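Student: this is the structure alone, sequence omitted:
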């Protein structure tokens, strides 16, 4: 039985098994869901055991467990390590979902659920592809799985695990499906990721909330000041004003920018999809360049004072914001965090104090397009899509990819099947049924070609 026949025979079961995984609210950011996160890890482990992956087990960490399993058929053959994550983002705001985020359903050929694309649906493709290769005796090389439960909160405990288990995790390449393709008729492989620096800021004024009539105009208002400070972080050209921020930014040649510009992109469709009348960003760069090869600074959340129903005339004692900076190759996340902290503290006026609390970060990553992993992925996608995939750089961040190269000495292949329109991290996240099964169809071919090329 070949791959397509196996998929057709087991299509409903594959979807039902994925649905069982999607039903668990494995929200790593909220301690209230710790038991759900743990149960999800057990489900992943049990799925690996069921298909014949040996040593499928949970490795405890200081946070959520890491699921590991392997199938070593011959030590002389190359080894592929599959990485994914079973934790998900919080589903808020719930009122904007058209269906329960943890009651998956299919509408218009799409699976709607939190984690459908990011990353349960995508890593589960590898589980089912492995099932097919093992069940049909077509596994051409060794396979290892490492599925973690803290990617959405920075993978804080993964680095220690990787450093302590280098022999266990040794491989010839790492395959990650936590990225996407340009379109269902335009396959692509992600060759670059941006790094990340994430901080939380706190601005404090008076020692308590004050009556805005009795004190307004006489004391510093932390919310007003925070807004002004944040606004000053970009200049009129939409560049970031932190001194030294651009010192190490990779300069992309005009030739490479020209090649990147050949990737299909319809600006009008992009604006229509987002209901925008225009795009916005750093002068001198296209939309696709702004969200891939240039660094950014964005406010992810801001709050303070009274936000309930009706009016309450207060000057808040404190104001807060969460800020993320996407970084490009050669920028160091720790360096950028320190530059931000120094600058943000220095621009605070008298009358307030500022506290900057770093959260998580990671480094940018670029993968070569002439290595065996990329070539195998390209051949596999060419077979299943009927078109050669386009190499693209993503604006997103997977901080552990740079860690893998540093600690394990191998490159990662970012062979995802999601779409930009899948609403990951947003209400109504979804993943195409077409994409789910196309991934399952493609992955065995990747293994076949990697074994041949390697």
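Tutor: Structure's in. What do you need? Treat the numbers as computed from the prediction; the structure is a model and nothing was measured.
Student: so which residues make contact with the helix or strand encompassing residue 48?
Tutor: Element membership for residue 48 (DSSP states H and E) is helix 34-51. Contacting residues not belonging to helix 34-51 are listed as 17, 20-21, 24-28, 56-58, 64-67, 69, 86-87, 124, 127, 130-131, 134-135, 145, 147, 149 [Cβ atoms under 8 Å, 6 or more residues apart in numbering]. Just so you know, the C-beta spots here come from the backbone N, C-alpha and C atoms, and that holds for glycine as well.
Student: mind listing residues that contact the helix or strand following it?
Tutor: Once helix 34-51 ends, the next helix or strand along the chain (criterion: DSSP H and E) is strand 54-59. Strand 54-59 has contacts (Cβ under 8 Å, 6+ apart) with 41-42, 45-46, 48-49, 65-72, 145, 161, 165.
Student: quick one: strand 54-59 to helix 34-51, angle?
Tutor: 170 degrees (axes from the mean of the first three to the mean of the last three Cα atoms, to 10 degrees).
Student: could I get the average pLDDT for stretch 262-282?
Tutor: Mean pLDDT, stretch 262-282: 91.
Student: pull out the buried residues from that stretch.
Tutor: For stretch 262-282, burial by neighbour count (16 or more other Cβ atoms under 10 Å) applies to residue 282.
Student: at which residues are the strands of the stretch 301-450 of the chain located?
Tutor: For the stretch 301-450 of the chain, applying DSSP state E, counting those that start in this stretch gives strands covering 314-315, 318-327, 353-362, 365-366, 390-393, 412-414, 430-432.
Student: can you redo these as CSV with mean pLDDT?
Tutor: Shown next, in CSV, are those (pLDDT from 0 to 100):
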stretch, mean pLDDT
strand 314-315, 95
strand 318-327, 97
strand 353-362, 93
strand 365-366, 90
strand 390-393, 89
strand 412-414, 96
strand 430-432, 98
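Student: ok, which of the ones you listed comes nearest residue 223?
Tutor: strand 318-327 (4.3 Å; Cβ to Cβ).
Student: sheet partners, orientation included, of that closest one?
Tutor: Strand 318-327 pairs in its sheet with strand 195-204 (antiparallel), strand 296-304 (antiparallel), by DSSP bridges.
Student: how about these, which one is nearest residue 383?
Tutor: strand 195-204 (33.0 Å).
Student: distance from that closest one to the middle of the chain?
Tutor: Averaging C-alpha positions (Cα atoms, centre = their mean, to the nearest Å) puts strand 195-204 19 Å from its chain's average.
Student: tell me the angle that strand makes with strand 353-362.
Tutor: 160 degrees.
Student: go through strand 195-204 and flag the buried ones.
Tutor: 195-199, 201-204.
Student: state whether residue 143 is indeed within a strand.
Tutor: Yes. Assessed by DSSP: H, G, I helix; E, B strand; the rest coil, residue 143 belongs to a strand.
Student: pull the number of nearby residues for the closest residue to residue 2 other than its chain neighbours.
Tutor: Closest residue to residue 2 apart from its sequence neighbours, by Cβ to Cβ, 6 or more residues apart in numbering: residue 136 at 7.5 Å. Using other Cβ atoms under 10 Å, residue 136 has 14 other residues around it.
Student: tell me the phi and psi of residue 193?
Tutor: phi -130, psi 150 (degrees, to the nearest 10).
Student: correct me, but it touches residue 400?
Tutor: No. Contact criterion Cβ atoms under 8 Å: residue 193 and residue 400 do not qualify, at 10.3 Å.
Student: so those two - more neighbours on which side?
Tutor: residue 193 (31 against 27).
Student: re the thing from before, of all the strands of the stretch 301-450 of the chain, which one is nearest residue 112?
Tutor: Nearest of those (Cβ to Cβ): strand 430-432, 4.6 Å.
Student: list the contacts of that closest one.
Tutor: 107, 109-113, 116-117, 121-122, 184, 418-419, 422-423.
Student: which single one of these is nearest to residue 227?
Tutor: The closest of these, once distances to residue 227 are taken by Cβ to Cβ, is residue 423, at 28.4 Å.
Student: how many neighbours does the closest one have?
Tutor: 17.
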